[in-house]
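*Asks:* quick one: sequence plus predicted model below, questions after.
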Amino acid sequence: MRDAALVLLVLNEVEGLRALWPRLPVSEFREVFAVDGGSTDGSIEFLAERGVPSVPQPFRGRGVAFRVAAEASSAERLIFFSPDGNEDPDDIVRLDDQLLAGSDLAIARRFGPGAVNEEDKELLRLRARVNDTLSRIANGLFHRGDRVYDTINGFRALRRKALIDLDTSVKRFPIEYQITLRAMQRGWKITEVPTKEGQRIGGERKAASWPVGVDHLKVLATELPNLRVLGRP
Ligand SMILES: Nc1nc2c(ncn2[C@@H]2O[C@H](COP(=O)(O)OP(=O)(O)OP(=O)(O)O)[C@@H](O)[C@H]2O)c(=O)[nH]1
Ligand SMILES: [Mg+2]
């Protein structure tokens, strides 16, 4: 059994949970729990019936959920999975395997060779372009290693103590971007696995595109003072 926790990030995702439950590799993990952003649609009851506890958050936000997960767990590694249909359960174990092979931060990438994102068939691919721009900025300013294609995807794994050490502050969606930027600055080994992003199964989207985009730029700005300029220690 893996000394790792499978963390389900849940805010009203009962339809996704119902559809994906049979595919979740729960028996592989020493801990499986949800962090709940305040669900009222039966998500928590669905999980409880299957023996999966839910940890409440003091207030809403994915950033808060990441920190709550780190504090609630005693496992060595955390794999964050959002059961809304976008993420492929087959990649859960693959991400943990990356950590076992020496990676410090493993991300399921929706861009780059062999990957598919939900917008690939759309003409404008606006969200994909914003993601790509944010990733290019991150790579250009903060990173020395191989290119990271998907700096903001929430489907990722890292060591629990390392996450606590990052001392993140973001409350809402750009938590993943802050984690990646700080990981880059600290010279962590970041690896990615190509993934196929699916469509949302049910429920409602919680991330409105425009405010979330602005929030990412704010995170970028707050991380900039820590910028490591080339050639300086
Ligand atoms: N624990 C917790 N989970 C949250 C919170 N907000 C969103 N989530 C979960 O995070 C995941 C991603 O949220 P989405 O609304 O799908 O955001 P998104 O993936 O950018 O948007 P879509 O393109 O519609 O999928 C889902 O599983 C949500 O239930 C929160 O405050 N707390
Ligand atoms: Mg989603």
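*Replies:* In hand now; what should we look at? Ligands and ions are numbered 1, 2, ... in the order given.
*Asks:* show the contacting residues for the residue lying closest to residue 213 once chain neighbours are set aside.
*Replies:* Nearest-residue entry for residue 213: residue 130, 5.5 Å, with adjacent residues in sequence omitted and distances by CB to CB, 6 or more residues apart in numbering. C-betas here are computed from N, CA, C, even on glycine. Under the criterion of CB atoms under 8 Å, 6 or more residues apart in numbering, the neighbours of residue 130 are 209, 213, 216.
*Asks:* give me the element residue 130 is part of.
*Replies:* helix 126-142 (DSSP states H and E).
*Asks:* ok, the most centrally placed residue in the chain to residue 166 distance?
*Replies:* Centre of the chain computed as the mean C-alpha position; nearest residue by CA atoms, centre = their mean is residue 154, 1.8 Å away. According to CB to CB, to the nearest Å, residue 154 and residue 166 sit 15 Å apart.
*Asks:* for the closest residue to ligand 1 within the chain, what are its contacts?
*Replies:* Of all residues in the chain, residue 37 sits closest to ligand 1, at 2.5 Å by CB to the nearest ligand atom. Contact analysis of residue 37 by CB under 8 Å, 6+ apart lists 9, 10, 11, 57, 60, 61, 62, 64, 65, 206.
*Asks:* the residue lying closest to residue 42 once chain neighbours are set aside: neighbour count?
*Replies:* Nearest non-adjacent residue to residue 42, counting by CB to CB, 6+ apart: residue 14, 4.7 Å away. For residue 14, the count of nearby residues is 21 (other CB atoms under 10 Å).
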